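J.: Quick one: sequence and predicted model below, then my questions.
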Amino acid sequence: MNEGQIRQKVVELARSMFERGYATGGSGNLSVKLPNGHFLATPTGSSFGRLVAEELSVVDIDGNLISGKKASKEVAFHLALYRNNPKCNAVVHLHSTYLTALSCLNNLDHDNAIKPFTPYYVMRIGQMPVIPYLKPGHPQIAQELGKRAADYRAFLLANHGPVITGVDLEDAIDNAEELEETAKLIFLLKNNSIKYLTKDEVAELSGSSK
Ligand SMILES: O=C(O)[C@@H](O)C(=O)COP(=O)(O)O
Ligand SMILES: [Zn+2]
């Protein structure tokens, strides 16, 4: 895909997420690596439902604005993920309802916020570490994500929401949507005794990609 096609894809997929309730208002941001090594990112304050292809921000790996509107306040953490994980070619950050609700719970396991109970969580995400609460836009979020970038595909920002990566934009969005559905199941199942996957069942799935 050339840059023009990638811009159209960003607008179309972001709108689809907005229309299906994965993003609301002006919350969230996303970015994708361009063929020339720059990054296309959503402008700060933009809504996933109303992105304009020509207005998307282009930044270099150091966060310098190359063209378009001022980039998301979280662009530094997107870049930290690209810098530290060569397999990462797209990043999505959401305030999706169930993952954000999960991010507000006390006593989360900070190594893995979701104990596996469905195979697709293991295949798509594996483990999701929790990043202690920091104000949105805080530069330390980038440091915390950068340290863990090579080992995980998704992260939960405490009292804030998820950050999900992918090998391309579709992959990152599919990961995000499936992760949100997994979080929804946690709340649906909350008064029931969950049969978690056993260590052997998780091990059997861990080698398989989605
Ligand atoms: O929660 C926040 O303020 C940001 O993390 C966010 O989701 C939207 O910020 P922008 O991408 O700068 O609009
Ligand atoms: Zn946010």
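T.: Structure's in. What do you need? Ligands and ions are numbered 1, 2, ... in the order given.
J.: those helices in the chain, which residues are they?
T.: 3-19, 75-84, 97-103, 119-124, 139-148, 169-188, 199-206 (DSSP state H).
J.: Surely residue 71 touches residue 55?
T.: No - with contact defined as Cβ atoms under 8 Å, residue 71 does not reach residue 55; the gap is 11.1 Å. (Glycine included, C-beta is placed from N, CA and C.)
J.: what about the two, which has more around it?
T.: Shown here are residue 71 and residue 55; by other Cβ atoms under 10 Å, residue 71 has more neighbours (27 against 15).
J.: What residues are bridge-paired with the more buried one?
T.: Using DSSP bridges, the bridge partners assigned to residue 71 are residue 43.
J.: which residues does the spatially most central residue of the chain contact?
T.: The residue lying closest to the centre of the chain (Cα atoms, centre = their mean) is residue 164, at 2.1 Å. Residue 164 sits next to 91-94, 153-155, 172, 175-176, 179 when contact means Cβ atoms under 8 Å, 6 or more residues apart in numbering.
J.: hang on, the earlier thing: columns mean neighbour count and distance to residue 130 on top of the helices of the chain, output as a markdown table?
T.: Output for the helices of the chain, formatted as a markdown table (neighbours: other Cβ atoms under 10 Å; distance: least, Cβ to Cβ, whole Å):
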| stretch | mean neighbour count | distance to residue 130 |
| --- | --- | --- |
| helix 3-19 | 17 | 23 |
| helix 75-84 | 22 | 15 |
| helix 97-103 | 20 | 7 |
| helix 119-124 | 19 | 15 |
| helix 139-148 | 18 | 10 |
| helix 169-188 | 19 | 13 |
| helix 199-206 | 13 | 19 |
